[in-house]
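Participant: Just to be clear, the model below is a prediction. Sequence and coordinates:
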Amino acid sequence: MSMQGYGLRNAPDRGMMTAFSIQPVAYILCNPIKLIRLTILCWHLTAGC
Amino acid sequence: MAPSLGAAAIEDAVELAKRFGLSLQSSVSPDSEQHAVLSLQGQLADREGFKSACLTLSDALRVDIVLQDADTFNEEYGLACFDMDSTLIKAEVIDELAKEAGIGDQVAAITEEAMQGLIDFRESFTRRMALLNGLDESVLEIIAARLQLMDGAELLFAGLQQRGIKTAILSGGFTYFARMLQRRLGIDHICANELNVLDGKVTGKVLEPIVDAQVKADTLEQLAAELQLPLRRVIAVGDGANDLKMLAKAGLGVAFRAKPLVRSSANYAVSVCGLDAILQMIGPR
């Protein structure tokens, strides 16, 4: 079974976006488009530096 | 002068992310020049490659760049386990003891080999302890008085306690110093090696069980089980090869100012900032 159309479904409780497209459901569940967090920290974050 | 987190650094990171198929969703700098968070979206096919490229860029920019899945950041952590020597304090205590015994270079060389993973921790520990035979017990107090906390340690522990996260020292070092830190930082549990002292002298004898990599990892699991926490809700922080097993067990395993092997093997690394940087990885809860 396939789904028509293409889009992104937000799943805020799991912190990720789930893609759905015309591909089988099982494939989609195994390949979520993840939200990646890239944190850049400068060294004088630490008090005293 | 301290480097600041300029726009160029953020642009470099965004460009790098794009090369790995990620697109920028949002970028925030909550405290201007010290900390920026990029939310990226996409399917990361080469996670190891991206992680490695982030480490290289970190070195070039003299900042820490931490790659996390959004759900790791949002996790409700309940336990944080720490190595002690060169993680919570700015020294390897066994090296300090050896300096007092006049055999500093000999022992430091063995410590370094062990931390790099070149020799087994148990073997190195036994060899170093044997060299300390006859050291006067009074030296312990002298060393304890001069030990310095790691940068950001007090801020980190205040933040962890505010979030209700239990804390533990899991150390291949000695209980004498772990207890001192426990009092100073309000740490909940300690697991470390007992220093055998007889008639006021260190015997150099090893008391089993030695707290090695396996014992650290097992203790982390045991503490998590006691607190009824899945391992994904556990933080582990360490710098040496004997921390790798516990770092791998924890949901957030952070190599802190670690040796190259440990830094590249762990899922997360902080090498430039102090320990308080970890608070930026665990959310405000």
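Facilitator: Received, thanks. Numbers count the residues shown, from 1 in each chain, chains lettered A, B, ... in the order given.
Participant: Every contact and neighbour count from this point should use C-alpha atoms.
Facilitator: Noted.
Participant: Enumerate every residue touching the closest residue to B:Ile103 other than its chain neighbours.
Facilitator: In space, B:Ile103 comes closest to B:Leu131 once its chain neighbours are excluded; the distance is 7.7 Å by Cα to Cα, 6 or more residues apart in numbering or on different chains. Residues touching B:Leu131, when contacts are defined by Cα atoms under 8 Å, 6 or more residues apart in numbering or on different chains, comprise B:Ala98, B:Ile103, B:Val107, B:Gly204.
Participant: do you know how far B:Leu131 is from chain A?
Facilitator: 37 Å (Cα to the nearest Cα, to the nearest Å).
Participant: try B:Val254
Facilitator: Using Cα to the nearest Cα, B:Val254 is found at 14 Å from chain A.
Participant: now do B:Phe20
Facilitator: The gap separating B:Phe20 from chain A is 12 Å, by Cα to the nearest Cα.
Participant: Now for that residue, how many residues are close by?
Facilitator: A total of 17 residues lie near B:Phe20 under the criterion other Cα atoms under 10 Å in any protein chain shown.
Participant: May I ask you to confirm that it is in contact with B:Gly42?
Facilitator: No - with contacts counted by Cα atoms under 8 Å, B:Phe20 stays clear of B:Gly42, the gap being 9.1 Å.
Participant: What's opposite the residue nearest to B:Met150 when sequence neighbours are not counted in the beta bridge?
Facilitator: Leaving out its chain neighbours, the residue that sits closest to B:Met150 by Cα to Cα, 6+ apart is B:Ile89, at 4.7 Å. Counting by DSSP bridges, B:Ile89 is bridged to B:Asp85, B:Leu149.
Participant: What does the pLDDT read for residue 12?
Facilitator: By default, I'm working from chain A. The model reports A:Pro12 with a pLDDT of 44.
Participant: not quite, I wanted chain B
Facilitator: Per-residue pLDDT puts B:Asp12 at 92.
Participant: element containing it?
Facilitator: Secondary-structure assignment from DSSP states H and E places B:Asp12 in helix B:7-19.
Participant: just for chain A, where's the confidence low?
Facilitator: A:1-34, A:43-49 (pLDDT under 70).
Participant: The longest strand seen in chain A pairs with which strands?
Facilitator: When every strand of chain A is counted residue by residue (DSSP state E), the longest turns out to be strand A:34-42. Paired with strand A:34-42 in the same sheet, following DSSP bridges, are strand B:35-42 (antiparallel), strand B:63-69 (antiparallel).
Participant: B:Leu181 - how many residues pack around it?
Facilitator: Once other Cα under 10 Å is used to define contacts, B:Leu181 is seen to have 20 neighbours.
Participant: next one: the one 4 residues further on
Facilitator: Using other Cα under 10 Å, B:Leu185 has 19 neighbouring residues.
Participant: Then B:Arg47?
Facilitator: Around B:Arg47 there are 12 other residues, counting by other Cα under 10 Å.
Participant: mind checking how far B:Ile187 is from A:Leu35?
Facilitator: Distance, B:Ile187 to A:Leu35, using Cα to Cα, to the nearest Å: 34 Å.
Participant: Which one's more surrounded, these two?
Facilitator: More neighbours sit around A:Leu35 than around the other of B:Ile187 and A:Leu35, counting by other Cα under 10 Å; the figures are 24 against 20.
Participant: is it true that the more buried one touches B:Thr72?
Facilitator: No - taking contacts as Cα under 8 Å, A:Leu35 lies outside contact range of B:Thr72: 10.5 Å.
Participant: Just the mean pLDDT for stretch B:198-209, thanks.
Facilitator: 91.
Participant: got a list of contacts for that stretch?
Facilitator: For stretch B:198-209, with Cα under 8 Å, 6+ apart as the criterion, the contacting residues are B:126, B:129-138, B:193-197.
Participant: which residues touch the residue nearest to B:Ile110 when sequence neighbours are not counted?
Facilitator: For B:Ile110, ignoring the flanking residues on the chain, the nearest one in space by Cα to Cα, 6+ apart is B:Ser124 at 6.1 Å. Under the criterion of Cα under 8 Å, 6+ apart, the neighbours of B:Ser124 are B:Ile110, B:Thr111, B:Ala114.
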